[in-house]
Each structure stands twice: as structure tokens, then as C-alpha cells.
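**Q** test case, fold it:
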Amino acid sequence: MTEIIAHHGLFKNTELHVDDTGGSGGPVVLIHGWPLSGEAWKLQVPALSEAGYRVITYDRRGFGRSDKPARGYTYDTLTEDLHTLLEELALTDVTLVGFSMGGGEVARYFGLYGSERLRSVVLASAVPPYLMQSADNPAGPLTAAQAGEMTAQLTADPDAFYDGFVTDFFSANGVLKVTEEQRQEALALCHQADKKAALGCMAAFGGTDFRDDLAKVTVPTLVLHGDSDATVPFEGSGKRSHEAIEGSELHVIADAPHGCNVSHASEWNDALIRFLAR
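**A** Residues are numbered from 1 along each chain as shown. Below is the predicted model of the structure:
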């Protein structure tokens, strides 16, 4: 474990909690989903380490064990945090794996910093290209009314909101695909989130347009998604990202919910490791 201090802009001295397995293998940076933390990767880190990779996870600002400043929850700032991590650890030839909200940092990284440090990227159950439905984005799977309802529910009663959110997160076609213990583990991570951070990031992942960023992706890309994802539906997100990134690979997991890295961990890990080996 180490701490990275994100020195940039008005938000310098924000400490990010980082876990790094070390070693000489190719670096893989795992970027967690909302509103969890790096601990959400507990089923991936051992598998990747055993396959010979150096695995780095971190808690996004405002979540888990990282600092929780009042501001800084736009994708530009969050991606600066990611870039600071790569610089501080002197990482090159990196694979970025962005799950759900974390796919936004992966996409925005190309828009802000290009591909110099990157070997490949993975968009896993990820929010790009653009969740919010609008006149110029009719295929967006999130309506303004739905976004407003989520914000109101989280503001009024975080405990009730997170309980329902985590159940949906791990359910496919109305059936919970993980154990109750796994659901409770994820729920405990949600409760580590700062409320300001959770609301700020909700606005960011719902309302940020990554279409121009995806057009700049020039490294090998894997799109990994569950076909029964009710949180970030495949048709409006993963399918469109795959179509937008020329030459990208696609792996769709059957009967899998949003949190398919937990519910279908073996298939998820195998698909990732096969991609990394190519």
C-alpha cells in the first residue's frame, strides 16, 4: 500500500490510497466503479498477479480510503488524478481497466493525455460513450428524469438508495447473481463514500459526453460487458463503444448483471487475461 498525492490545480495535496502488488510484470491499473473503492477488485487482483502482472488499484478521490475533498469530481480532475498516479509510479506500457464509471477516466485519458504511456485499455460495463439521452444522443440509456430521481433518492436517504442500487448492480433479469455476503461487502464499500463525492460523480458519469474521447483511442481495446446489465445497459453503452473504437474486441457475458466481475468472475478474468496476453 502507498499513498499518491495528486498535485494539480486547486486540488493539490489530495491523497489517493493505492495498492500495488509490485513486481516486474506488465502494469495493469484497475479503476473501480461508483460508489465503490479499489477493494471491489478483490477477485481480480489475485488472478492477474498469478498470471504475472503488476496490479495497481486505487480509491477514487471521495471514496474508500482516499481523501474526500469538497470539490474535484469532474472527469477532467478525476483523470488528472489517474495521470498523477501513472507519473508518480513511473508507469509506462500500461493497461487501464475501467469498470463502469471508471471507463470514463479511461476514455477521457485519451482526450487529455493521449496514448504515450498506454499499451491497451479495457472498458468493462463502462459508461461511455454518453449515458444521458438527449436530442443529439437519442440512444443514451439514461433519461434526465431518471437521473433526477437517482439524485433525489441519494440526497434524501443514502442507506435506502445504496441498498437498492447494490441489489440492482448484481441482478440480471430480476435475479440476484451473487451471494448475500458479496452484496453486503459491496454495500459496505458504498457506505465509505462521501456524500458530496457520490453526488458529484453521479452528475459526472451521467452527464459527460465521451464520444470525442473514444475517437482518439488508438491502442488495443477490449469491451467487456454483461448482456443483462440493468445499471449501464449494453445496447446503449458497451455496444456503442465497441462500434466507435475501430478494431476493438468485444466479449459479452451471458445472463450477467452490471457487477459481472463478481458474479461471473472466472469468465471475466479469463477474458481479460487472454486479451492482455495478445
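**Q** looking only at the helix or strand hosting residue 213, what residues are buried by neighbour count?
**A** In this assignment (DSSP states H and E), residue 213 forms part of helix 211-214. Along helix 211-214, the positions that meet the burial threshold by neighbour count (16 or more other CB atoms under 10 Å) are 213-214. C-beta here means a position set from N, CA and C on the backbone, and glycine is covered the same way.
**Q** same question for stretch 84-93.
**A** 84-86, 88-89, 91.
**Q** give me the pLDDT for residue 23.
**A** In this model, residue 23 is scored at 86, pLDDT.
**Q** and for residue 13?
**A** 77.
**Q** quickly note the distance from it to residue 84.
**A** 11 Å (CB to CB, to the nearest Å).
**Q** same question, residue 133
**A** For residue 133, the distance to residue 84 - CB to CB - is 33 Å.
**Q** need the contact list for the closest residue to residue 248 other than its chain neighbours.
**A** Nearest residue to residue 248 in three dimensions, chain neighbours excluded: residue 221, at 4.1 Å (CB to CB, 6 or more residues apart in numbering). With contact set as CB atoms under 8 Å, 6 or more residues apart in numbering, residue 221 has these partners: 120-123, 245, 247-249.
**Q** which of the residues you listed tops the neighbour count?
**A** Within those, most neighbours by other CB atoms under 10 Å means residue 123, with 33 neighbours.
**Q** secondary structure element for the closest residue to it other than its chain neighbours?
**A** Using CB to CB, 6+ apart and skipping residues adjacent in sequence, the residue nearest residue 123 is residue 103, 4.4 Å away. For residue 103, the host element (DSSP H and E) is helix 102-113.
**Q** output that helix as CSV - backbone C-alpha positions only.
**A** Coordinates of each C-alpha in helix 102-113 appear next as CSV, following Å, rounded to 0.1, in the frame of the first residue of the first chain:
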residue,chain,number,x,y,z
GLY,A,102,-14.0,4.1,-14.3
GLY,A,103,-14.5,3.6,-18.1
GLY,A,104,-15.0,7.4,-18.2
GLU,A,105,-11.5,8.1,-16.9
VAL,A,106,-10.1,5.6,-19.4
ALA,A,107,-11.9,7.4,-22.3
ARG,A,108,-11.0,10.9,-21.1
TYR,A,109,-7.4,9.9,-20.6
PHE,A,110,-7.0,9.8,-24.4
GLY,A,111,-8.7,13.2,-24.7
LEU,A,112,-6.3,14.8,-22.2
TYR,A,113,-3.0,12.9,-22.4
